[in-house]
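In: Sharing a model prediction with you, sequence too.
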Amino acid sequence: MRPDFPLPDISWEPTAEFWAGAARHELRIPHCEQCGRASWYPRDRCRFCGGTQFEWRTMSGRGTLFSWVVVTHAFLPQFQELVPFVPALVALAEDPAIRVATQLVDVAPDALDFEQPVRVTFRPLSFPGVDGEVVAPLFTPA
C-alpha cells in the first residue's frame, strides 16, 4: 500500500492531467480527438469510435446530482473525522453521460435531491496520519 493512501495517486498517467487540472482549479476531462466525445473514466480507446488519441478539455464545473450515499460509519480510520460525509456521482452539464465520482460539501444530506444542480469547488483533501494533501474537485449545491 502507498504511504499516502487514501490520497489519490496524482502521478498515475491515465489521471495525472485530471489532478494537475484540479491543482489549477480546473475540472479537466479527456475527449476523443477522432469523434470529440468525452471519455471518462480514461481509457486506451474511445468507447464510441475506437479512437486512441485524446485531448484534455476544461469543463464548466456545472452538473447535476446523479446519485449519492451518506456515509455514517468509517470503514477506514483515515475517514473517521469526515463522518458523516456524502460521496456522490455528478453528471456533467456538457455531457450528462459523464459522471464524476466526488464528494458533496457544504450541504445537509437530507437537503439533497436527484438532478439537483451542483457546481465544482476545489478543496484540499487530506487525512489524519497521512502526509501530504491533494487539491480535489468536490461539488456543492449551485
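Out: Received it, and whenever you're ready, just let me know what you need. Worth saying up front: this structure is predicted, and the values here are computed from it rather than measured. Residues are numbered from 1 along each chain as shown.

In: contacts for stretch 115-122?
Out: 22, 25, 27, 61-66, 90, 104-106, 135-142 (Cβ atoms under 8 Å, 6 or more residues apart in numbering). In short, each C-beta sits where N, CA and C put it, glycine included.

In: Buried residues in stretch 82-92, which are they?
Out: Phe85, Val86, Ala88, Val90, Ala91, Leu92 (16 or more other Cβ atoms under 10 Å).

In: Using CSV, list the CA coordinates for it.
Out: Extracted C-alpha coordinates of stretch 82-92, given in CSV (Å, rounded to 0.1, in the frame of the first residue of the first chain):
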residue,chain,number,x,y,z
LEU,A,82,-15.2,13.1,7.9
VAL,A,83,-18.2,11.1,9.1
PRO,A,84,-20.9,11.9,8.1
PHE,A,85,-19.9,12.6,4.5
VAL,A,86,-21.5,12.3,1.1
PRO,A,87,-19.8,10.6,-1.8
ALA,A,88,-21.6,11.2,-5.0
LEU,A,89,-21.8,10.9,-8.7
VAL,A,90,-22.2,14.1,-10.6
ALA,A,91,-23.5,14.2,-14.2
LEU,A,92,-21.6,17.0,-16.0
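
In: neighbouring contacts of that stretch?
Out: Against stretch 82-92 from outside (Cβ under 8 Å, 6+ apart): 29, 38, 59-60, 62-74, 79, 97-105, 107, 109, 112, 118, 139.

In: which of these count as buried?
Out: If we count by 16+ other Cβ under 10 Å, the contacts of stretch 82-92 have these buried: 29, 38, 59, 62-66, 68, 71, 98-100, 102-104, 107, 112, 118, 139.

In: List just the nearest of the buried residues of stretch 82-92 to Arg123.
Out: Set against Arg123, the nearest of the buried residues of stretch 82-92 by Cβ to Cβ is Phe85 (12.2 Å).

In: all helices for this protein, in order.
Out: 16-23 (DSSP state H).

In: hang on, the earlier thing: restricted to strands, list the contacts of stretch 115-122.
Out: 62-66, 90, 104, 135-141 (DSSP state E).

In: Looking at these, which one is closest to Arg47?
Out: Distances from Arg47 to those, taken by Cβ to Cβ, are shortest for Phe66, at 18.3 Å.
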